[in-house]
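> compute the structure for the input listed below.
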Amino acid sequence: MIIAIRAFIVLCWSAALASALPATAQQAERPSTILISIDGMRPDYLDRGLTPNLNALKAKGVAAAMRPSFPTKTFPNHYTIVTGMRPDRSGIVGNSMIDPRRPGQIFSMGDSKQALDPFWWNESEPVWITAEKAGVRSATMFWPGSEVASGDAAAGPTLRPRDWMRFDQNISNEQRVNTVLDWMRRPADIRPQLITMYFDTVDTAGHRFGPGRTPELDAAIADVDARIGELVAGLAAMGREANIVITADHGMAQTAEDRIIQLDDLIDSASYIAVEMGPYGAIEPVTGTDTRVYDALLKPHDHMQCYRKEDLPARLHYGKNPRVAAIICLAAPGWTILSGPPRYPVTGGAHGYDNADPDMLALFMAFGPSIKPVADLPVFDNVDVYPLVARLAGFDPLPSDGNAKTLAGIVGR
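Just a heads-up that it's a prediction; the model follows:
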């Protein structure tokens, strides 16, 4: 009888202690969620015999082709994945863009002053900020937008992931994985529950050498596969559970120097601002040019179709944001729109084409203790990743363009 009473007291004390634990300690029981981007990773790259780790993990979880948002560029799609908002609503409408509130300025990936300015990013809230507000500790081992403080410093405190790294291409893939493993070795109260990680080397090789079977691209694919294998093995060695979601921002298509559309052959360059060129063109007429730019571009052209932004096909979900240039031109697959001499040889691969182009499809994978294997997952829109990540990490997502039902069936518990 005395033993039974003591056991009852111990059980009550344990229950009281558990209820008194801070939220962070209770969350530590949930597997961490690691969101990985392999920039430029086409789904069919898994069929090359170069990815034993990813193919083994595919058998334990889910792998599918994912439709990127238009424009099929790096910054817009990475921000779509972590906000659930298509580029027209997230505010990141291109790798380069303009805003009528900032006349004379162009946001560009290569201009750190603009790329790190919160003004461009604060039209939507990324998942790591929503996590922090919900008391879920986050960490970002690179991701477009993760270096930028969220919020208006003039209006009050800004937020960042609790741990974050400034992007540096010289930090190797191995170092990136080791950083994440170091975070996962931490005690539960300071261990991230939501982590992002970014690999850029497959995209770099695809741009330089094209998406075909080249030694350089194959080596990049094999290296990322090996690094993900090391991540999974490292987690297993330390006994840490994690749900891992692997995404890509877009695919890659072959380009060539004999498939070029030169805008300067159609309209004098002084009449327009070339906001973004390549597989699609974002063109803003210069003030005072009347209709001459529209008249030159909004008519039939070989290998290119141009639209007023308000007349773009509805399926693109693009053109309402003030940051979208007045005229958007879509190149035919494999063709490149240029304004003036190219800054680099038009060879290798490119992305930015219509998101209905099969070459633009991106890889999606998920595996871990909360993911149940699903053999045949149809192509879905990348906005649907956001509610999945929030659910896995244990907090409510913000309203978005994503449909939580799309991937609900892959979550087992």
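
> P345 reaches A256, doesn't it?
No: using CB atoms under 8 Å, P345 is not in contact with A256; the gap is 10.1 Å. Bear in mind the C-beta positions are built from the backbone N, C-alpha and C, glycine included.

> neighbour count winner among these two?
Higher neighbour count among P345 and A256: A256, with 13 against 9, using other CB atoms under 10 Å.

> what about that one, distance to E276?
20 Å (CB to CB, to the nearest Å).

> quick check, central residue of this protein?
H78 (2.0 Å; CA atoms, centre = their mean).

> just the element for that one, please.
Secondary structure here is read from DSSP states H and E; on that basis H78 sits in helix 74-83.

> show residues contacting that helix.
Among residues not part of helix 74-83, those counted as contacts by CB atoms under 8 Å, 6 or more residues apart in numbering are 35, 37, 39, 68-69, 85-87, 90-95, 109, 121, 124-128, 143-145, 196, 198, 203, 247, 249-250, 362, 382-383, 385-386, 389, 398, 400.

> cool, stretch 384-398 as well?
With CB under 8 Å, 6+ apart as the test, stretch 384-398 has contacts from 27, 30-31, 33, 35, 66, 80-84, 125, 127, 130-131, 134-136, 193-194, 243, 245, 247, 364, 366, 368, 370, 400, 402-404, 406-407, 410-411.

> start to end distance for it?
Taking CA to CA, to the nearest Å as the measure, stretch 384-398 stretches 12 Å from start to finish.

> stretch 185-192 too?
Distance between the boundary residues of stretch 185-192 (CA to CA) amounts to 10 Å.

> what count of nearby residues applies to D47?
D47 - counted by other CB under 10 Å - has 10 other residues nearby.

> and it, that's in a strand?
No: D47 is assigned helix when assessed by DSSP: H, G, I helix; E, B strand; the rest coil, not a strand.

> begin at 865 from now on, thanks
I'll keep to 865 as the first residue from here, and by that count the last item is D911.

> distance from the chain centre to the top helix by length along the chain, please.
Using DSSP state H to assign secondary structure, the helix with the most residues in the chain is helix 1079-1101. The gap between where helix 1079-1101 is centred and where its chain is centred comes out at 19 Å by CA atoms, centre = their mean, to the nearest Å.

> got it, and stretch 1127-1138?
32 Å.

> buried ones in it?
Along stretch 1127-1138, these residues count as buried under the neighbour rule (16 or more other CB atoms under 10 Å): 1127, 1130-1131, 1136-1138.

> how about stretch 1022-1038?
Residues 1023-1029, 1031, 1037 are the ones in stretch 1022-1038 that count as buried (16+ other CB under 10 Å).

> got it, and stretch 1213-1225?
Residues 1213-1219, 1221, 1223-1225 are the ones in stretch 1213-1225 that count as buried (16+ other CB under 10 Å).

> may I have it as PDB, with CA atoms only?
Once side chains and other backbone atoms are set aside, the C-alpha atoms of stretch 1213-1225 remain, and they are given as PDB (Å, rounded to 0.1, in the frame of the first residue of the first chain):
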ATOM      1  CA  GLY A1213      21.400  26.400 -69.000                       C
ATOM      2  CA  ALA A1214      18.800  29.000 -67.800                       C
ATOM      3  CA  HIS A1215      15.500  29.200 -65.900                       C
ATOM      4  CA  GLY A1216      12.800  31.900 -65.800                       C
ATOM      5  CA  TYR A1217      10.600  30.300 -68.500                       C
ATOM      6  CA  ASP A1218       6.900  29.800 -68.300                       C
ATOM      7  CA  ASN A1219       6.200  27.600 -65.200                       C
ATOM      8  CA  ALA A1220       4.200  25.200 -67.300                       C
ATOM      9  CA  ASP A1221       7.400  24.200 -69.100                       C
ATOM     10  CA  PRO A1222       8.300  20.700 -68.000                       C
ATOM     11  CA  ASP A1223      12.000  21.700 -67.900                       C
ATOM     12  CA  MET A1224      11.100  24.100 -65.100                       C
ATOM     13  CA  LEU A1225       9.800  21.500 -62.700                       C
END
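
> returning to that earlier point: which element follows the helix holding H942 toward the C-terminus?
Under the assignment DSSP H and E, the closest C-terminal helix or strand after helix 938-947 is helix 951-954.

> re the thing from before, format the buried residues of stretch 1127-1138 as a markdown table; extra columns: pLDDT, secondary structure and distance to S1203.
Output for those, formatted as a markdown table (pLDDT from 0 to 100; DSSP: H, G, I helix; E, B strand; the rest coil; distance: CB to CB, whole Å):
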| residue | pLDDT | secondary structure | distance to S1203 |
| --- | --- | --- | --- |
| L1127 | 97 | helix | 5 |
| L1130 | 96 | coil | 10 |
| I1131 | 94 | coil | 10 |
| Y1136 | 96 | strand | 8 |
| I1137 | 96 | strand | 9 |
| A1138 | 96 | strand | 4 |
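
> for Q969, state which of these is nearest.
When the buried residues of stretch 1127-1138 are ranked by distance to Q969 (CB to CB), I1137 comes first, at 11.4 Å.

> so how far is stretch 1160-1170 off the chain centroid?
Counting by CA atoms, centre = their mean, stretch 1160-1170 is centred 30 Å from the centre of its parent chain.
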